[in-house]
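Visitor: Attaching a predicted model along with its sequence, questions to come.
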Amino acid sequence: MVIKKICCVGAGYVGGPTCSVIALKCPEIKVTVVDLSKTRIAQWNSDKLPIYEPGLDDIVKACRGKNLFFSNDITTAILEADLIFISVNTPTKTIGNGKGRAADLKYVEGAARMIAEIAQSDKIVVEKSTVPVRAAESILKILSANQKPGVSYQILSNPEFLAEGTAINDLINADRVLIGGEESPGGQAAIEELCSIYEHWIPREKIFTTNTWSSELSKLAANAMLAQRISSINSLSAVCEATGADVSEVATAIGLDSRIGPKFLQASIGNYLLHFRVDLVYHTFVIYNYFEHSCLIIGFGGSCFQKDILNLVYICECLNLPEVAAYWQQVVDMNEYQKSRFTSKVIQSLFNTVSGKTVTILGFAFKKNTGDTRETPAIHVAKTLLDEGATLKIYDPKVEEEQIYYDLTHPSVCESPEKVKSAITIYHDAYSACEKSHAIVLCTEWDEFKTLDYHKIYHAMMKPAYIFDGRKILDHQSLIDIGFHVQTIGKTLQRPLLTRFCGGNSCVH
Ligand code: UDX
Ligand code: ADP
């Protein structure tokens, strides 16, 4: 079979960008991305795509209507396709057996049943969505049980390794493409067909083929290992605070080991911040000498890391491997701990109460260059501050207002939506969001936050004005020079050395 037509079931963060790049790189192949949601397909066919991803708009504009189509006509797309990607959502189960941990495969099952019902000719069905190990077996069972005479299926696993915000580059310059399939001749032939698509732009040596279960497990394992690195460095940030070590220096030092490498350790320039603050107290000047550090790692977010590790934990438990399950569970627990530590630090710094205070949240997406808020640490920060009685002013360059309201009033985080709605205001620029606030909590590392006029912001804020840089992107020394109190995790905050000037003579208290 030579693949001439591809159908992708699911027009989300994975299916949309992946198929846009396939269409760009394989102009002779017709790629149709289908979805149950009419709104989503209408957005893909409009000037405002449903997801923000740098570079995506240009690719969609170049291919849409030529060899790239977005459609709700699932039947036609499945009927004519030689190869079908399943790119539907696989959220964590919220009810029943495995609730809170196991992947909910209802959408994958739904897609498989649709294919079984519609298909009239041989198909290669490719799992793109992240699924538990041996999910391909379930898909095959559904397809085989409903097989029409003369129709045969090959199931492949081809997990996606794109990260949001860099998806287009990750797809075009992939570190590797992983394809798992049956060891039978039919399975190997199907692997070759899929290889031939990627070979349009990925060198063959970067396409790694395995058996189906290795491929499925590798996706979970890759995400678990990446998240584990973040939790490891985050756990060390707590040790740094207790010992006087500096987490940025530690991260840089260990990352210089070529066996470890610097990525996903969030290593950054470790700045010692000398903070001299001058206050007028009873007609005397008090000089506080603060040593602060700029490394503050807020915890990982996103739709994949937590979900995939919990899924791995559940699989280990089902396989009667409790020690392995406990090992991976700790990665998620450490992330929760880090988020709580950060938020507690914000509250403690604001004199242990935020009730009646206004706090600005800069950035709501789980990372920069995406409008995605799934599992964003900003939800945890906002929820805790709201529970403590704060009023929130929120600004994110790409997250829609309705999404923020949805996230903060969702029953899983809030009991009283009306109360929450009255306590938050969404802004369309950072300056208005910071006006009259007591503190700024920076939750997403958007580039535009680095170049804001912080003099202007400082003068419009309540005093003392605080900044909690959750992403280590700001120039803390400049902020301190302006007059801000800058807070951080990962380095011991030394208590002030108190020096008073009395009529020009200094006397130390
Ligand atoms: C991840 C994987 O990287 C990708 O391969 C997989 O296909 C999907 O899951 P994604 O969740 O989109 O991608 O983004 P990623 O860049 O991995 O970041 C995840 C979270 O970790 C973000 O909240 C990010 O801010 C955080 N992070 C990342 C850190 O806290 N520290 C780091 O050093 C790196
Ligand atoms: P991901 O991040 O994995 O891409 P998303 O939630 O962004 O997940 O996208 C998954 C998409 O799959 C959604 O737009 C959803 O409507 C779609 N979907 C789920 N089940 C089906 C189905 N049976 N047929 C078509 N589309 C589906």
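Guide: Yep, that arrived. Ligands and ions are numbered 1, 2, ... in the order given.

Visitor: Contact residues of the stretch 351-500 of the chain facing ligand 1?
Guide: Contact residues, the stretch 351-500 of the chain versus ligand 1 (Cβ under 6 Å from any ligand atom): 366-367. C-beta here means a position set from N, CA and C on the backbone, and glycine is covered the same way.

Visitor: Please enumerate the strands of the stretch 351-500 of the chain.
Guide: Along the stretch 351-500 of the chain, the segments classed as strands by DSSP state E, counting those that start in this stretch run 358-362, 391-395, 424-427, 439-442, 466-469, 485-487, 499-502.

Visitor: Need those strands in CSV (columns: mean neighbour count and mean pLDDT).
Guide: As requested, these are arranged in CSV below (neighbours: other Cβ atoms under 10 Å; pLDDT from 0 to 100):
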stretch, mean neighbour count, mean pLDDT
strand 358-362, 26, 98
strand 391-395, 23, 98
strand 424-427, 18, 98
strand 439-442, 26, 96
strand 466-469, 25, 92
strand 485-487, 22, 88
strand 499-502, 14, 40
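
Visitor: Dump those into TSV; add distance to residue 49 as well.
Guide: Below are the strands of the stretch 351-500 of the chain laid out as TSV (distance: least, Cβ to Cβ, whole Å):
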stretch	distance to residue 49
strand 358-362	25
strand 391-395	22
strand 424-427	21
strand 439-442	27
strand 466-469	31
strand 485-487	37
strand 499-502	57
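
Visitor: To residue 263, which of those lies closest?
Guide: Smallest distance to residue 263 across the strands of the stretch 351-500 of the chain (Cβ to Cβ): 20.9 Å, for strand 466-469.

Visitor: The closest one - which strands sit beside it in the sheet, and in what orientation?
Guide: With DSSP bridges as the test, strand 466-469 is paired with strand 439-442 (parallel), strand 485-487 (parallel).

Visitor: Turn those into CSV, columns for distance to ligand 2.
Guide: Putting the strands paired with strand 466-469 into CSV (distance: least, Cβ to the nearest ligand atom, whole Å) gives the following:
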stretch, distance to ligand 2
strand 439-442, 25
strand 485-487, 33
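
Visitor: Next, format the ones you listed as TSV and append distance to residue 40.
Guide: Converted to TSV, the strands paired with strand 466-469 look like this (distance: least, Cβ to Cβ, whole Å):
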stretch	distance to residue 40
strand 439-442	31
strand 485-487	40
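
Visitor: buried set for stretch 94-102?
Guide: Neighbour counts using 16 or more other Cβ atoms under 10 Å place 98, 101-102 of stretch 94-102 among the buried residues.

Visitor: Name the surrounding residues that touch it.
Guide: Residues outside stretch 94-102 that contact it (Cβ atoms under 8 Å, 6 or more residues apart in numbering): 92-93, 104, 132, 310-311, 313-314.

Visitor: first vs last residue of that stretch, how far apart are they?
Guide: One end of stretch 94-102 sits 9 Å from the other (Cα to Cα, to the nearest Å).

Visitor: mean confidence score for it?
Guide: The pLDDT scores in stretch 94-102 average 91.

Visitor: Same check on stretch 404-422?
Guide: In the prediction, stretch 404-422 has an average pLDDT of 93.

Visitor: Most neighbours out of the contacts of stretch 94-102, which is it?
Guide: residue 311 (27 neighbours; other Cβ atoms under 10 Å).

Visitor: What is the helix or strand hosting residue 40 packed up against?
Guide: Assigned by DSSP states H and E, residue 40 belongs to helix 38-44. For helix 38-44, the packing partners by 3 or more Cβ pairs under 8 Å, 6 or more residues apart in numbering; DSSP states H and E come out as strand 68-71.

Visitor: helices or strands next to the strand it packs on in the packing?
Guide: helix 15-25, strand 30-34, helix 38-44.

Visitor: Kindly recompute the last result at 10 Å.
Guide: strand 5-9, helix 15-25, strand 30-34, helix 38-44, helix 56-63 (3 or more Cβ pairs under 10 Å, 6 or more residues apart in numbering; DSSP states H and E).
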